[in-house]
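> Need a 3D model of the sequence below.
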Amino acid sequence: MKINAVFEGGGVKGISLVGAVFAAEQCGVTFGQVAGTSSGAIVAALLAAGYSAEEMTIIIRRTPFAAFLKRSQVFNVKYIGPAARLLLRKGLYSGDEMELWMRKLLSAKGISTFADLPPNKLRIIASDISNGKLLVLPDDIAQYGMNPKRLEVAKAIRMSASLPYFFDPVVIKEKQFKTRISGIRLYHKTAYIVDGGLLSNFPLWLFDREQRDQAKPIPVVGFQMVGKNENRPRTIRGPLSMLTAIFETMLQAHDERYIEKENRDRTIKIPTLGIRTTQFNLSLEASEQLFESGRLAAEKYFCER
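Purely as a prediction, here's the structure:
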């Protein structure tokens, strides 16, 4: 069975998506076009690059996700350091380590830019908060004067996974010419790109228009992470923890939103066991539980129907 797949975003909870992909492949499912937001974009990109579920499983078991949370020592000074970094860089962490990690994984499969992938094989959701619009990458990068085929896949993922206030936004400076009475001058228009979950955390709609134009459309299946953190109340100690709580609450609202019946039948719901989006210091046991949750949910959907 061949499907087009859409993967929801959810930070470190995306480990459960790998478990779901593992079960899907075990049940004979192959993946055509793929799309995703944030951690869902990571899983989608690895699939598009040719990684098998077994290879992806090895990757998540070997990756210390807490290593993504690196920053200069000067910004580690209690209270003052993180606040200063947020003020100066607009994020608690740079996100560079995550981007480098993805670049190495993709490079191992011979993938650098979207030109290295089949057309429309991979689509990634991001949010332009400067202009208040949703971006479907790579195509929408053309709005900034860039060639979509030359966009680095790892950079697109960095855009999609830049949790506001947590990771630095990706800054695009678009060169423009403006005519004045005195002549022509060059100036830059700056756009800040952040997590796609801000505008569409579960873009199940992405392939719908194309599907309507096909005589025999490929089924579209969504992989959605669900589950409230009822047993883990957030402690608000100041503006930084409040901002993080606001964004996580927003993502949770996306996760729990009502899905109409026509979409419910094509959605795999994966319980995330109360684990939070930014819980990057996840224990090995919790990581395995997330993986197993995804595996069981997808196995029930694909093998027991």
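
> so how far is the first residue of stretch 65-80 from its last?
End-to-end span of stretch 65-80 (CA to CA, to the nearest Å): 25 Å.

> again, but for stretch 138-156
7 Å.

> now swap in stretch 194-213 and tell me
Here the two ends of stretch 194-213 are set 32 Å apart, with distance taken as CA to CA.

> cool, stretch 124-141 as well?
For stretch 124-141, the end-to-end distance is 11 Å (CA to CA).

> so Leu92 touches Phe68, yeah?
No: when contacts are counted by CB atoms under 8 Å, Leu92 is not listed as touching Phe68 (11.3 Å). To be clear about C-beta, it is placed using only N, CA and C from the backbone, and glycine gets the same treatment.

> so what does whichever helix or strand Ile60 is part of touch, helix or strand wise?
Using DSSP states H and E, Ile60 sits in helix 53-62. The elements that helix 53-62 packs onto, with contact taken as 3 or more CB pairs under 8 Å, 6 or more residues apart in numbering; DSSP states H and E, are helix 15-26, helix 39-48, helix 284-303.

> export those helices to JSON lines and tack on mean neighbour count?
Shown next, in JSON lines, are those (neighbours: other CB atoms under 10 Å):
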{"stretch": "helix 15-26", "mean neighbour count": "26"}
{"stretch": "helix 39-48", "mean neighbour count": "28"}
{"stretch": "helix 284-303", "mean neighbour count": "19"}
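
> For Ala5, which of these is the nearest?
With CB to CB, the closest approach to Ala5 among these belongs to helix 39-48: 7.1 Å.

> looking only at pLDDT, what's the mean for the closest one?
The average of the pLDDT scores along helix 39-48 is 97.

> neighbouring contacts of it?
With contact meaning CB atoms under 8 Å, 6 or more residues apart in numbering, helix 39-48 is reached by 5-14, 17-18, 21, 31, 34-36, 56, 59, 102, 105-106, 111, 117, 121-125, 153, 156-157, 160-161, 196, 202, 223.

> Among those residues, which lie within helices?
Leu17, Val18, Val21, Met56, Ile59, Met102, Leu105, Leu106, Val153, Ala156, Ile157, Ser160 (DSSP state H).

> Report the distance from the next helix-or-strand element following the helix holding Ile60 to the chain centre.
Once helix 53-62 ends, the next helix or strand along the chain (criterion: DSSP H and E) is helix 80-89. Averaging C-alpha positions (CA atoms, centre = their mean, to the nearest Å) puts helix 80-89 24 Å from its chain's average.
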